[in-house]
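Undergrad: What would the 3D arrangement of this be:
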Amino acid sequence: MKLFGDKISKDDATRLSAITLAFVGDAVEHLYVRANLAKNKRDFETRSFSPIANSVVCAEAQADLAKKFLPFFTEEENYIFKRAKNARKRVKPKHATFAEYNAASGVEAVFGFLYLTGEYERLEFLLSQIEE
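TA: Down below sits the predicted model:
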């Protein structure tokens, strides 16, 4: 499978579980943040990249993104967000509240949905709103 180019239909993406969409979205966000850290290097040493990336791609930060994004989500994105937020999860959050973890899952699912359906411009716009 190509990194970009192979996409699935919105119907097929909607049929995926919300947790699967969140799984993909988490990876997409991690890649975006890590790639930007590498491009912008600043004065960071490579070993400091992971802690920085992990502070951005964590439930607490993603819950903050949810608050920021909710008013601007399309109807479709809002549906995906709510599905993932309300999905039953088998994992107990370690460093976040349940509310933060659920909101984070919603944001990740939207990222995953946009990636899988090839809506790269919208995905890029949302990801560009992440403050490092």
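Undergrad: Work out which residue lies at the spatial centre of this protein.
TA: By C-alpha atoms, centre = their mean, the chain has its centre lying nearest to E108, at 3.0 Å.
Undergrad: Which pLDDT value does the model give that residue?
TA: The confidence metric pLDDT takes the value 95 at E108.
Undergrad: same check, this time on K41
TA: K41 is assigned 70 on the pLDDT scale.
Undergrad: now swap in F44 and tell me
TA: With respect to pLDDT, F44 has a value of 64.
Undergrad: helices or strands next to the top helix by length along the chain in the packing?
TA: Taking DSSP state H as the criterion, the chain has its longest helix at helix 18-40. With contacts defined as 3 or more C-beta pairs under 8 Å, 6 or more residues apart in numbering; DSSP states H and E, the packing partners of helix 18-40 are helix 49-56, helix 75-86, helix 98-116, helix 120-127. Yep, even glycine has a C-beta here, placed from its N, CA and C like the rest.
Undergrad: Report the angle between that helix and helix 75-86.
TA: With axes from the mean of the first three to the mean of the last three C-alpha atoms, to 10 degrees defining the directions, helix 18-40 sits at 110 degrees from helix 75-86.
Undergrad: and helix 18-40 with helix 120-127, angle?
TA: Using the same axes, to 10 degrees: helix 18-40 against helix 120-127 is 80 degrees.
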